[in-house]
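[1] Model the following, please.
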Amino acid sequence: MVADLARMLADGLRENPPKTIGVAVSGGSDSLALLHLLHGFATDHACTLHVATVDHGLRPEAAAEAEMVGDICHNLGVSHEVLHWQGWDRSGNLQNEARKARYLLLAHWGRRRQLDVIALGHTADDQAETFLMRLARRAGVDGLSAMPQRFERNGMMWIRPLLHTRRAALQEYLTLNGINWADDPSNDDTRYDRVRIRNALAILEGIGVEAGALTVVAQNMTGAKEALTHQMQQIARDHVSLHAGAVEIDVAGLNAQPFEIRRRLIAHALKWVNGAYYAPRSAALGDVMTALATAPSATLQGCELRHRSGKLWVFRELQAVSEITCNIDTLWDGRWRITPPVQFTGKTDGLTLRALGPEGLMLCPDWRDLGLPRGVLLSSPAVWQDARLVAAPLAGASQNWQAVLERGKDTFFAVHITH
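    As a prediction, this is how the structure comes out:
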């Protein structure tokens, strides 16, 4: 068994062998097995491991579990850090908010450590449970697709080396090697959807609906997703142009496509503009598409969608960025980098980035000559010194300042398909 697991893990890493790997280890069986298997891989392939444990501060046992992981890492000669989740305002779904925080904390740690990838301990059981949870939510092709083995999120590359391995096999591996793991009591708390799904899956396995079968179905859905995404890309190249960080779609060309391609293209435009990791829910996007059939505009996910002269424009909604202020050397709205003129010799102290807004647009008399919708410019980045507009790079008052997208046009027209 040990040889089979080690071979499976090595096969998954052979295509892009990393030199530095981060491992997210909670102390549960899946992540502890991953740690020990990766330790063997790192020893054989001159690779450096770093381990992090996220303490969400939600359970009194979490600190002891993090300490246990630290002791294991010490014995293995591997560095270990505990990352603490702080500042939750108690709004939103707990498990969803904890998951988002976990990715953010680990991504920040990974960038600081200059890691090539961060490994997660998701298994075939997680794949099956996720499939059933999304099925219960009436998900479409994308939602029912397999969890990717390699993906990018929060500026970090992530891998799931154990995605085709059953949890029982990992626990057997740990038991054979005398390795104890921590059991999270929330895994038995039926208040959580995943726990109820896990219990239901145990019943479904009796009629052949088991993790392996659901994984195959999810992989089939991934194939369908990739085909649809490829078609959407082709349509985008023919009917989309980008201006000042906004998306302009030819309405006649869009309406000539099947509904699913139209939906995908608009969802992709929204994600490109707002930087969200997930597309909006199908129901919400469907409502907006229905509204746009008769209304001139609609808003969704911090973006405005507006008809104008036979085009559908998708751009950042002013309200979504009106409170975002940062230094000029900082990425603004997760999208824009601003650079001063080459000859700029003034002090940057006191200069800030914030949305141009209506007060700033009034100071750009030539903005109409650009041919862009007013809303595109209102939510564009501008350089301010208190109430004085220094530069509006996208609104015809650049003063030789430049605004450059962190995710440029290539990221729109070359959609990355994860595997």
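[2] Then Val54 would be within a strand, right?
    Yes: looking at Val54 with DSSP: H, G, I helix; E, B strand; the rest coil, it is inside a strand.
[3] you'd agree it is up against Val25?
    No: in this structure, Val54 is not within contact of Val25 by Cβ atoms under 8 Å, at 9.4 Å. Just so you know, the C-beta spots here come from the backbone N, C-alpha and C atoms, and that holds for glycine as well.
[4] Settle it for me: which of the two has more neighbours?
    Neighbours were counted for Val54 and for Val25 using other Cβ atoms under 10 Å; Val25 has more, 30 against 23.
[5] in terms of contact, does the more buried one touch His50 like I think?
    No: here Val25 does not reach His50: they are 10.5 Å apart, not a contact under Cβ under 8 Å.
[6] quick one: low-confidence parts of the stretch 251-400 of the chain?
    Applying pLDDT under 70 to the stretch 251-400 of the chain picks out residues 345-347.
[7] hmm, 90 instead?
    Across the stretch 251-400 of the chain, the ranges flagged by pLDDT under 90 are 276-279, 281-283, 329, 341-350.
[8] centroid residue for the protein?
    Tyr277 (3.4 Å; Cα atoms, centre = their mean).
[9] Doesn't that one belong to a helix?
    No: Tyr277: not assigned to a helix; according to three-state DSSP it is coil.
[10] dump the residue contacts of it.
    153-154, 271 (Cβ atoms under 8 Å, 6 or more residues apart in numbering).
[11] Scan these and report the most crowded one.
    Highest neighbour count within the contacts of Tyr277: Lys271, with 19 neighbours (other Cβ under 10 Å).
[12] Buried residues of the helix or strand harbouring it, list them for me.
    Remark: Lys271 resides in helix 259-274, with elements defined by DSSP states H and E. Neighbour counts using 16 or more other Cβ atoms under 10 Å place 261-274 of helix 259-274 among the buried residues.
[13] next one: that helix to chain centre, how far?
    Centroid separation for helix 259-274 versus its chain: 16 Å, with Cα atoms, centre = their mean, to the nearest Å.
[14] Skip ahead from that helix and say which helix or strand is next.
    According to DSSP H and E, the helix or strand after helix 259-274 is helix 282-292.
[15] Which of the residues in that next one are classified as buried?
    282, 285, 288-289, 292.
[16] now do stretch 339-358
    340, 351-357.
[17] One more: stretch 36-48?
    For stretch 36-48, by 16+ other Cβ under 10 Å, it's 36-39, 41-42, 47.
[18] will you turn the residues you listed into TSV that also has secondary structure and distance to Ile72?
    Listed next are the buried residues of stretch 36-48 as TSV, based on DSSP: H, G, I helix; E, B strand; the rest coil; distance: Cβ to Cβ, whole Å:
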residue	secondary structure	distance to Ile72
His36	helix	8
Leu37	helix	13
Leu38	helix	13
His39	helix	10
Phe41	helix	17
Ala42	helix	15
Cys47	coil	18
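[19] List just the nearest of those to Leu83.
    Leu38 (18.6 Å; Cβ to Cβ).
[20] dump the residue contacts of that closest one.
    Counted by Cβ under 8 Å, 6+ apart, Leu38 has contacts 9, 21, 23, 49, 119, 161.
[21] In this structure the last one contacts Ser31, no?
    No: because the distance of 11.3 Å does not satisfy Cβ under 8 Å, Pro161 is recorded as not touching Ser31.
[22] which outside residues touch stretch 301-319?
    Residues outside stretch 301-319 that contact it (Cβ under 8 Å, 6+ apart) are 245-252, 254, 266, 269-270, 273-274, 276, 280, 288, 292, 296-299, 320-321, 333, 355, 357, 373, 375-376, 378-379.
[23] Filter these down to the ones in strands?
    246-250, 297-299, 355 (DSSP state E).
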